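J.: Got a sequence here, can you model it:
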Amino acid sequence: MSDDHDFAVASAGAADTYPIQCSALRKNGHVVIKGRPCKIIDMSTSKTGKHGHAKVHLVATDIFTGKKLEDLSPSTHNMEVPNVRRNEFQLLDIDDGYLSLMTSDGDTKDDVKLPENDLGNKIQTDFDDGKDLIVTILSSMGEEACVDAKPASS
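T.: As a prediction, the model looks like this:
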């Protein structure tokens, strides 16, 4: 009888998010606002009347779209924090607006779009110039995006 089990799950947390008390959130940390994974750029706590709760005002940007979102929540309430992962991959090819990437175990990954901004233009130009690139892919809550690229050190 063989005990070969193949567990293809590599992340420690199976959930996309985890709860944290609002007062424990910090600037530059992550939080879910309106169902989107965001990075906190500013937060302030307001004291309220004798029967009210202190409220935390969060200002954050969506980590994928860059859109600014705000939220107001009692400091004692829980908020969801997204599990955000950064992974680096070697760029193999750019095909029809998608990046073809080499994973650390030698597989290819072809489901990340070339960014439609200055970074995307730079990746395309460097790739066309024959440069070897390492791209950084940010993944959270079932979404992925290329957020950085640098020359591969040879």
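
J.: Quickly list the domain ranges of the protein.
T.: Per the record, the chain has its domains at 17-82, 85-151, by automatic domain parsing.

J.: Reformat those as TSV; add mean pLDDT and mean neighbour count.
T.: Bear in mind the C-beta positions are built from the backbone N, C-alpha and C, glycine included. Shown next, in TSV, are those (pLDDT from 0 to 100; neighbours: other CB atoms under 10 Å):
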stretch	mean pLDDT	mean neighbour count
domain 17-82	93	15
domain 85-151	94	14
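
J.: which ones are touching residue 113?
T.: Counting by CB atoms under 8 Å, 6 or more residues apart in numbering, residue 113 touches 97, 98, 99, 145, 146.

J.: Looking at those, which are in strands?
T.: With strands taken from DSSP state E, the overlap with these comprises 98, 99, 145, 146.

J.: which of those residues lies closest to residue 33?
T.: residue 145 (17.4 Å; CB to CB).

J.: ranges for the helices of this protein?
T.: Applying DSSP state H to the chain gives helices spanning 118-128.

J.: Where do the strands of it begin and end?
T.: Under DSSP E, the chain gives strands at 17-21, 30-33, 36-46, 55-62, 68-74, 78-82, 85-95, 98-102, 108-113, 133-140, 143-151.

J.: Of all those, which one comes closest to residue 119?
T.: Closest among the strands of the chain, using CB to CB: strand 143-151, at 6.6 Å.

J.: neighbouring contacts of that closest one?
T.: Contacts of strand 143-151 (CB under 8 Å, 6+ apart): 37, 63-64, 86, 91, 99, 111-115, 119-120, 122-123, 126, 131-138.

J.: ok now that strand, how far from the chain's centre?
T.: Put simply, strand 143-151 sits 10 Å off its chain's centre (CA atoms, centre = their mean, to the nearest Å).

J.: Taking strand 85-95 as reference, get the angle to it.
T.: 80 degrees (axes from the mean of the first three to the mean of the last three CA atoms, to 10 degrees).

J.: Paired strands for strand 143-151, with orientation please.
T.: Note on strand 143-151: by DSSP bridges, its sheet partners are strand 133-140 (antiparallel).

J.: that older thread, just the contacts of residue 113 now: which is nearest residue 81?
T.: Nearest to residue 81 among the contacts of residue 113, with distances taken as CB to CB, is residue 145, at 18.6 Å.

J.: how far away is that closest one from residue 151?
T.: 20 Å (CB to CB, to the nearest Å).
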